[in-house]
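> Sequence and computational prediction follow.
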Amino acid sequence: MNTFFCLESKTSTIAFINQQFRMELNTAFTEMIRNVSSKGHESREIQSWLMMSSIWPSVALTSGYLYFVILGGPKLMEGRKPYNLKSPMLVYNLLQVVFSSWIVIKGIKETYGSFFTGACVPSLLDSKTAYEVETLNWFYMMSKYVEFLDTIFFILRGKWNQVTFLHVYHHANMAIFTWVFVKYISGIQIFMIALCNSFVHAVMYGYYLLAALGPQVRRFLWWKRYITKLQIVQFVAIISFMVNLQVQGCDCSPWFILFSICNTSSFLVLFLCFYAKAYTSKTNVD
């Protein structure tokens, strides 16, 4: 009996220590990000929205995604034939086109002209518009977790050649750091990223939608390489926008600007390497 209570006490102590460690780690992370982000943004209403109170749900979803990609997916498909997911993919890609188009159209309507004046964006937008942009940013952030389905579909269909480092790194990276940016940085400043990326995704998922229809539309998909070019232009535009924020002295953390430039540059380099390998090699077969 004494042994049982001793073990139970040890288990409770370990659980308590683990809980305290997670709380302290979360507090330390929050303080670290708050210290390098723009002042005052932690009080925005968005902080009470779904998944915004703590980073752990985002970490859990991304960790689950990586587990499935690295271990779970290969184990699940071992000895199985690839699934035929034509119908689910048609629906998924269509919804992604509609969603991305909505972000772009509503975003341009709310911020028309603001990103192209060379001035600091916050001074050009009233509080109502800022709230609308925050809402769009939140929806954009949530879509990053939905986009994990891109990889899941590849794995279930046996398209292992498409589960590349670039693909997985891009999805995992965007899921975590979009959450950080939406929570701690002014929504206006990061909306340029969401706007550019949503436009590219509207085109990209439009291509996927057509490709999912089958071989009969293959002759209409000659523009595949231009999607990668569009993605590269997107990264250059985002880097230029971030540099302009620093040059203009806008109310935005220089650490956020620096990280955004470095992070986007990593995407730029990877996509340039992918383009060179996929489209400029003489031995490449489309």
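Ah, there it is.
> From residue 164, how far out is the nearest residue to residue 152 once chain neighbours are set aside?
Spatial nearest neighbour of residue 152, excluding adjacent residues (C-beta to C-beta, 6 or more residues apart in numbering): residue 68 at 6.8 Å. To be clear about C-beta, it is placed using only N, CA and C from the backbone, and glycine gets the same treatment. Distance from residue 68 to residue 164, counting by C-beta to C-beta, to the nearest Å: 16 Å.
> Repeat that for residue 258.
Remark: distance between residue 258 and residue 164 (C-beta to C-beta) = 27 Å.
> and the closest residue to residue 157 other than its chain neighbours, what does it touch?
In this structure, residue 157 finds its nearest non-sequential neighbour in residue 82, 4.9 Å apart by C-beta to C-beta, 6+ apart. Shown in contact with residue 82 (C-beta atoms under 8 Å, 6 or more residues apart in numbering): 156, 157, 158, 159.
> OK, contacts around the last one?
Which is residue 159. Applying C-beta under 8 Å, 6+ apart to residue 159 gives the contacts 82, 153.
> before we move on, the earlier item: and the pLDDT for the residue nearest to residue 152?
What the model reports as pLDDT for residue 68 is 97.
> ok, it - contacts?
Residue 68 makes contacts with 151, 152, 155, as judged by C-beta under 8 Å, 6+ apart.
> So it, which state does it fall into?
Following DSSP: H, G, I helix; E, B strand; the rest coil, we place residue 68 in the helix state.
> which non-adjacent residue is nearest the most centrally placed residue in the chain?
The centroid of the chain falls nearest to residue 174 when counting by C-alpha atoms, centre = their mean (2.9 Å). Once flanking residues are discounted, residue 174 sits nearest to residue 144: 5.0 Å by C-beta to C-beta, 6+ apart.
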